[in-house]
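Visitor: Got a sequence here, can you build the structure:
(one chain, ligands or ions: 1)
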Amino acid sequence: MKITMIGTGYVGLVSGACLAEVGNDVLCLDLDQRKIEILESGGIPIHEPGLLEMVKRNRAAGRLHFTTNVEKAVTWGQVQFIAVGTPPDEDGSADLKHVVAAARNIGRYMNEYKVIVDKSTVPVGTADAVRAAIGEELAKRGDKTPYAVVSNPEFLKEGAAVEDFMRPDRIVVGAEDERAAHIMRTLYAPFQRNHDRLILMDVRSAELTKYAANAMLATRISFMNEMANLAERLGADIEQVRRGIGSDPRIGYHFLYPGVGYGGSCFPKDVKAVIKTAADAGMKLEVLHAVELANEKQKGVLVDKILKYFGENLSGRTFAMWGLAFKPNTDDMREAPSLVIAAELIRRGANITAYDPVAMDEAKQAFGNELKLRYAASPLAAVEGADALAIVTEWKEFRSPDFAALKTKLKQPVIFDGRNLYEPADVRAQGFEYFPIGRK
Ligand SMILES: NC(=O)c1ccc[n+]([C@@H]2O[C@H](COP(=O)([O-])OP(=O)(O)OC[C@H]3O[C@@H](n4cnc5c(N)ncnc54)[C@H](O)[C@@H]3O)[C@@H](O)[C@H]2O)c1
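Guide: The predicted structure is shown next:
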């Protein structure tokens, strides 16, 4: 099938490459010339495991193409995916300007039946807005070409995005047009050969499903963070509590890890957006307000521990920071807790030497010209001469460090672990002072 992917970011590039991988002819459009140049020269603009190889393979096979030419992109695919960004507006609502611009472009140039698929995370009612924008553009040209607008929210996780797209837990399709629903079934058949995972529903329910999923996951995180803080206060161990509750199949083990608060390009903005959607509908979402508040507080927990140990004034102190990306296996720095933690340490006078396996280039852009933040070439180089180590992202390479070497490089053997990577008794037995989250 000929497919157009509008927006070639984390979602669009992964979706485009995976759809090409199963034999489709995919053209990815982006207005960002730099991204398209990187892709055309054989690279990829983001870090995502397995993606570079897949993009190369499908380009070489002639099934995956890139362009900045809007007209070419619109005339290309019978299916037009909209996978552009939906960043938060000032009032917390999802800013739909990119989605609507993409829809208008489709209406401007389409000349045969098309299925327009909202893959971006968009508030309930957006499919109607997309349908209207396309209709208006068609009307300007006096064109009556039929089209259908479908909601197909994306559930891939950065860091495992290729795997998630190729082997999805579920594919949610909101479609009220039979022809479009059939096309979507055909398109997704290769990704669910052992059993049907496509859940067909009405468009509004599909739109809300995505927000409900992210809101639920954010809730689990904030809940566990509060429990961890309580465990710490009461002398209990959150890791033991986690195993105790995870064994209940109604709860399950996934997503029960306390830490330094959720970040990334989705949870923070999606929680805000669903709160705003509800407010517009005359409802206050009490639970999600609390989830957001707890998350903001949690970003300060690691710094609080550092201040308790070193005092309020950190002038002259240097901290090694392991991990900058909002989670492992990605270079995405959007809303990363490291941004807040580093900024607060620096505000209090500290210097930081940071190390992240892939996100340092992105971090340099995010932090700009911050003179008190330096970047190290390895985890050990980061701790050289530092007063303490702060662990912010749970990259695999931090899980089993050479503690003896760490001890010789640090000025004092102190670790603030925002990701609970180590067994407290073991680290302490090696002579470290160790401050994890919610552990004895
Ligand atoms: N990143 C994730 O893990 C993830 C997961 C599920 C859903 N989502 C949702 O998917 C959407 C995209 O997220 P992302 O992380 O891929 O964003 P992104 O910022 O990485 O990519 C969006 C791309 O769209 C391009 N763009 C903007 N307007 C355009 C237009 N009119 N025509 C063509 N290209 C245009 C931008 O230049 C950018 O490259 C968002 O709604 C997000 O909430 C993201």
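
Visitor: how about the strands in the stretch 201-350 of the chain?
Guide: Secondary structure of the stretch 201-350 of the chain (DSSP state E, counting those that start in this stretch): strands located at 318-322.

Visitor: For this structure, which residue gets nearest to the ligand?
Guide: Gly9 (1.8 Å; C-beta to the nearest ligand atom). Yep, even glycine has a C-beta here, placed from its N, CA and C like the rest.

Visitor: so who does that residue touch?
Guide: Contact partners of Gly9, counting by C-beta atoms under 8 Å, 6 or more residues apart in numbering, are 30, 35, 46, 83-85.

Visitor: Helix, strand, or coil at the most far-flung residue of the chain relative to its centre?
Guide: Distance to the chain centre peaks in the chain at Gly142, reaching 40.9 Å (criterion: C-alpha atoms, centre = their mean). Following DSSP: H, G, I helix; E, B strand; the rest coil, we place Gly142 in the coil state.

Visitor: just Leu31 next, same as before
Guide: coil.

Visitor: what do you get for Val117?
Guide: Going by three-state DSSP: Val117 is strand.

Visitor: Is it in contact with Gln80, as I believe?
Guide: Yes - counting by C-beta atoms under 8 Å, Val117 does reach Gln80; the two are 6.8 Å apart.

Visitor: And these two? Which one has more around it.
Guide: Val117 (32 against 25; other C-beta atoms under 10 Å).

Visitor: Now Ala102. Its backbone dihedrals?
Guide: Main-chain torsions, Ala102, degrees, to the nearest 10: phi -60, psi -40.

Visitor: Around it, how many other residues sit close by?
Guide: Residues near Ala102, counting by other C-beta under 10 Å: 28.

Visitor: repeat for Ala425
Guide: What Ala425 shows, counting by other C-beta under 10 Å, is a neighbour count of 10.

Visitor: any idea of the pLDDT on it?
Guide: Looking at Ala425, its pLDDT stands at 97.

Visitor: Ok, Glu90 next?
Guide: Value for Glu90, per-residue pLDDT: 89.

Visitor: Can you classify it by secondary structure?
Guide: Strictly by three-state DSSP, Glu90 counts as coil.

Visitor: same check, this time on Met54
Guide: helix.

Visitor: And the closest residue to it other than its chain neighbours, how far from Pro153?
Guide: For Met54, ignoring the flanking residues on the chain, the nearest one in space by C-beta to C-beta, 6 or more residues apart in numbering is Ala17 at 4.6 Å. Separation of Ala17 from Pro153 (C-beta to C-beta, to the nearest Å): 19 Å.

Visitor: out of these two, which sits in the more crowded spot?
Guide: Each of Ala17 and Pro153 has its neighbours counted (other C-beta under 10 Å); Ala17 has more, 31 against 23.

Visitor: Please give me every residue in contact with that one.
Guide: Here Ala17 is in contact with 26, 51, 54-55, 58, 64, 162 (criterion: C-beta under 8 Å, 6+ apart).

Visitor: ok, now Glu137?
Guide: Contacts of Glu137 by C-beta under 8 Å, 6+ apart are 104, 106-108.

Visitor: that older thread, would you mind writing the CA trace of the strand or helix carrying the residue nearest to Met54 as PDB?
Guide: Take DSSP states H and E as the rule and Ala17 turns out to sit in helix 10-21. Output of helix 10-21 as PDB, limited to C-alpha atoms (Å, rounded to 0.1, in the frame of the first residue of the first chain):
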ATOM      1  CA  TYR A  10       9.900   9.700  17.100                       C
ATOM      2  CA  VAL A  11       6.500   8.400  16.100                       C
ATOM      3  CA  GLY A  12       6.400   9.200  12.400                       C
ATOM      4  CA  LEU A  13       9.800   7.800  11.600                       C
ATOM      5  CA  VAL A  14       9.300   4.600  13.600                       C
ATOM      6  CA  SER A  15       5.800   4.000  12.100                       C
ATOM      7  CA  GLY A  16       7.000   4.800   8.600                       C
ATOM      8  CA  ALA A  17      10.000   2.500   8.800                       C
ATOM      9  CA  CYS A  18       7.900  -0.300  10.300                       C
ATOM     10  CA  LEU A  19       5.200   0.000   7.700                       C
ATOM     11  CA  ALA A  20       7.900  -0.100   5.000                       C
ATOM     12  CA  GLU A  21       9.400  -3.100   6.700                       C
END
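
Visitor: could you point out which element follows the helix or strand containing Asp361?
Guide: Asp361 belongs to helix 360-367 when assigned by DSSP H and E. With elements assigned by DSSP H and E, the helix or strand that comes after helix 360-367 is strand 373-375.

Visitor: other SSEs contacting the next helix or strand after that next one?
Guide: In the C-terminal direction, the helix or strand that comes right after strand 373-375 (DSSP H and E) is helix 379-383. Secondary-structure packing of helix 379-383 (3 or more C-beta pairs under 8 Å, 6 or more residues apart in numbering; DSSP states H and E): strand 318-322, strand 351-355, helix 403-409.

Visitor: could you say what helices and strands the last one packs with?
Guide: So the one you mean is helix 403-409. helix 379-383.

Visitor: What average pLDDT does the next helix or strand after the helix it packs on get?
Guide: Next helix or strand after helix 379-383 toward the C-terminus (DSSP H and E): strand 388-391. Average pLDDT, strand 388-391: 98.

Visitor: hmm, who's touching strand 388-391?
Guide: The contact list for strand 388-391, computed with C-beta under 8 Å, 6+ apart, reads 302, 306, 309-310, 317, 319-323, 341, 345, 382-383, 398, 406, 410, 412, 414-419, 421.

Visitor: So how do I select the buried members of those residues in ChimeraX?
Guide: Buried residues among these (16 or more other C-beta atoms under 10 Å), as a ChimeraX selection:
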select :302,306,310,317,319,320,321,322,323,341,345,382,383,398,406,410,414,415,416,417,418,419,421
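
Visitor: Of the contacts of Gly9 - the most surrounded one?
Guide: Counting by other C-beta under 10 Å, top hit in the contacts of Gly9: Ala83 with 29 neighbours.

Visitor: my guess is that residue meets Val14, correct?
Guide: No - at 9.1 Å, Ala83 does not count as touching Val14 under the criterion of C-beta under 8 Å.
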